[in-house]
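Q: Could you work out the structure for the sequence below:
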Amino acid sequence: MRPSGRDLSEMRAVSIETGFTKHAEGSCLIKMGDTHVLCTATIEDRVPPFIKGSGLGWVTAEYGMLPRATNTRMRREAASGKQGGRTVEIQRLIGRALRAGVDRVALGERQITVDCDVIQADGGTRCASITGGWVALRLAVNKLMKAGDVISDPLVDPVAAVSCGIYAGQPVLDLDYPEDSEAGVDGNFIMTGSGKLIEVQMSAEGSVFSRAQMDQLMDLAEKGVSELAAAQKAATA
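A: Sure, this is the predicted structure:
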């Protein structure tokens, strides 16, 4: 029934290659099917002015797509002189999602910026960015702890995200682009590794949905996030 031939509750193949770049304090290439995202984490001994002197750390994110990440070339946003609304919305989502798993007191007054660059897009880029972004963040924090710059682990719970939707009348897990573009209902579920919700984005794209259908999608999301959290743990072990 699904274009990929997957079962309704089956994730795309997930792989996470850590240490993908040389210079970043933490990095990985995450692949969720044909969606590939490079995630890097950079540590800086500064924080935004609005929390300076508070003793709190900060985690933020930036997001972008390469021109040929999709089937037709997109113009670089730098060429137009500003970021698009979708880009701004996604990078804010990534930042607040990752911060939900961080003890900012334990992090200390420093900033970690997670850059998520989509190399190839086939649906679920924001979810892959959050999931891979956490791995890059984990690796960067490991370096802080090894150096003795951070005493207690500031990462309190892993953060991962997965998309779910109603495709051809059926609830499905981890939509790829052919499903995403045709889904009657589309949702992104950001959760902690312990199963707590951080954010849910759901909308009727072509048909309304019931409470029972929303519960079905939540069940699928819990399954998907648990699998992603296991992949994160294995990648950073």
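Q: Averaging pLDDT per element, find the lowest-scoring helix or strand in this protein.
A: Least confident element among the helices and strands of the chain, by mean pLDDT, DSSP states H and E: helix 77-80 (a mean of 88).
Q: Just checking, which helix or strand succeeds that helix along the chain?
A: Note on helix 77-80: by DSSP states H and E, the next helix or strand toward the C-terminus is helix 85-99.
Q: which helices and strands does the next helix or strand after that next one pack with?
A: Where DSSP H and E defines the elements, the next helix or strand beyond helix 85-99 is helix 104-107. Judged by 3 or more CB pairs under 8 Å, 6 or more residues apart in numbering; DSSP states H and E, helix 104-107 is in contact with strand 58-65. All C-beta atoms are positioned from the backbone trio N, CA, C, and that covers glycine.
Q: CA atoms of the strand it packs on as CSV?
A: Written as CSV, here are the backbone C-alpha positions of strand 58-65 (Å, rounded to 0.1, in the frame of the first residue of the first chain):
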residue,chain,number,x,y,z
TRP,A,58,22.2,28.1,25.7
VAL,A,59,21.6,25.7,22.8
THR,A,60,20.5,27.1,19.4
ALA,A,61,20.3,25.8,15.9
GLU,A,62,20.6,26.8,12.3
TYR,A,63,19.1,24.9,9.3
GLY,A,64,19.5,25.0,5.6
MET,A,65,19.1,22.9,2.4
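Q: Next, the angle from it to helix 85-99.
A: 140 degrees (axes from the mean of the first three to the mean of the last three CA atoms, to 10 degrees).
Q: which residue is nearest the centroid of the protein?
A: Centroid-nearest residue in the chain, with CA atoms, centre = their mean: Ile130, separated by 1.3 Å.
Q: I'd assumed Met191 was in contact with that residue.
A: No: checked against CB atoms under 8 Å, the pair Ile130 and Met191 is beyond contact range at 9.9 Å.
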